[in-house]
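K.L.:
structure for this input, please:
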Amino acid sequence: MGAYTYSQELWRKKQSHVMYFLLRVGCLALLPTFRTPLDWGIQPSIYQIHVRCGPHESPVPKAATYSKSTPHGVKRLNGLTKIPCANSEVILSIHSIKSSEEILTQWITKPIHKHREMQGLTPAGHKNHGLGRAHRFHHTISGSHCAAYRRRNSPQLRHDG
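P.N.:
Down below sits the predicted model:
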């Protein structure tokens, strides 16, 4: 199957998850002269992504929602698919478009690297690691951010005496 035939078949199935995601996302690889806010330099895994947020039209023919309830409507659908990314920096956020710089890498798709946020490997998870601020900690008062920062960043010197 050629590329044209593939794209033609893709456009015929407008309600598929693939098309729904592609219609929301515009993705550009960064140019070599572009200075990034994340300061990673130019790498093949850094992209600038524009995502249309909020309610937008469902791609149904003639705006007819068959087999749905009467007040279901066409205009009140929110985005369901999220972009898996290693790190991100929001560049621009206006009414209906959120533009951010994302680091999308191939190694993140391996099964051993799934759910990095659960293991405390992302920046947000690393700050809350060991504080009891996540799933299964509903009835506990958590630890201290300041004490955890002080414990991690103070020198631990062995005393042999």
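
K.L.:
tally of neighbours for residue 10?
P.N.:
Residue 10: 13 surrounding residues under other CB atoms under 10 Å. Where you see a C-beta, it was placed from the backbone N, CA and C, and this is true even at glycine.

K.L.:
so it makes contact with residue 18?
P.N.:
Yes - counting by CB atoms under 8 Å, residue 10 does reach residue 18; the two are 6.7 Å apart.

K.L.:
give me the number of residues near residue 112?
P.N.:
Residue 112 has 5 neighbouring residues, counting by other CB under 10 Å.

K.L.:
equivalent analysis for residue 15, please.
P.N.:
Neighbour tally, residue 15, other CB under 10 Å: 10.

K.L.:
can you classify it as helix, strand or coil?
P.N.:
The local conformation at residue 15, judged by DSSP: H, G, I helix; E, B strand; the rest coil, is coil.

K.L.:
check it and give its pLDDT.
P.N.:
Note for residue 15: predicted pLDDT of 75.

K.L.:
okay, it and residue 61: tell me how far apart.
P.N.:
Per CB to CB, to the nearest Å, residue 15 is found 10 Å from residue 61.

K.L.:
I figured residue 145 hits residue 127, correct?
P.N.:
Yes - counting by CB under 8 Å, residue 127 is a contact partner of residue 145 at 7.1 Å.

K.L.:
tell me which helix or strand residue 8 sits in.
P.N.:
Under the criterion of DSSP states H and E, residue 8 resides in helix 3-12.

K.L.:
could I get the average pLDDT for that helix?
P.N.:
Here the average pLDDT along helix 3-12 is 81.

K.L.:
quick one, domains of the chain?
P.N.:
3-110, 115-155 (automatic domain parsing).

K.L.:
would you single out the least confident of those?
P.N.:
domain 3-110 (a mean of 63).

K.L.:
ok so, going back, list the helices and strands the helix holding residue 8 packs on?
P.N.:
Using 3 or more CB pairs under 8 Å, 6 or more residues apart in numbering; DSSP states H and E as the contact test, the elements touching helix 3-12 are helix 17-24.

K.L.:
okay, the helix holding residue 8 in CSV with CA atoms only?
P.N.:
Output of helix 3-12 as CSV, limited to C-alpha atoms (Å, rounded to 0.1, in the frame of the first residue of the first chain):
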residue,chain,number,x,y,z
ALA,A,3,1.5,6.5,1.2
TYR,A,4,-1.3,8.2,-0.7
THR,A,5,-3.6,5.2,-0.4
TYR,A,6,-2.8,4.9,3.3
SER,A,7,-3.6,8.5,4.0
GLN,A,8,-6.8,8.3,1.9
GLU,A,9,-8.0,5.3,3.9
LEU,A,10,-7.1,7.1,7.1
TRP,A,11,-9.2,10.1,6.2
ARG,A,12,-12.2,7.9,5.4
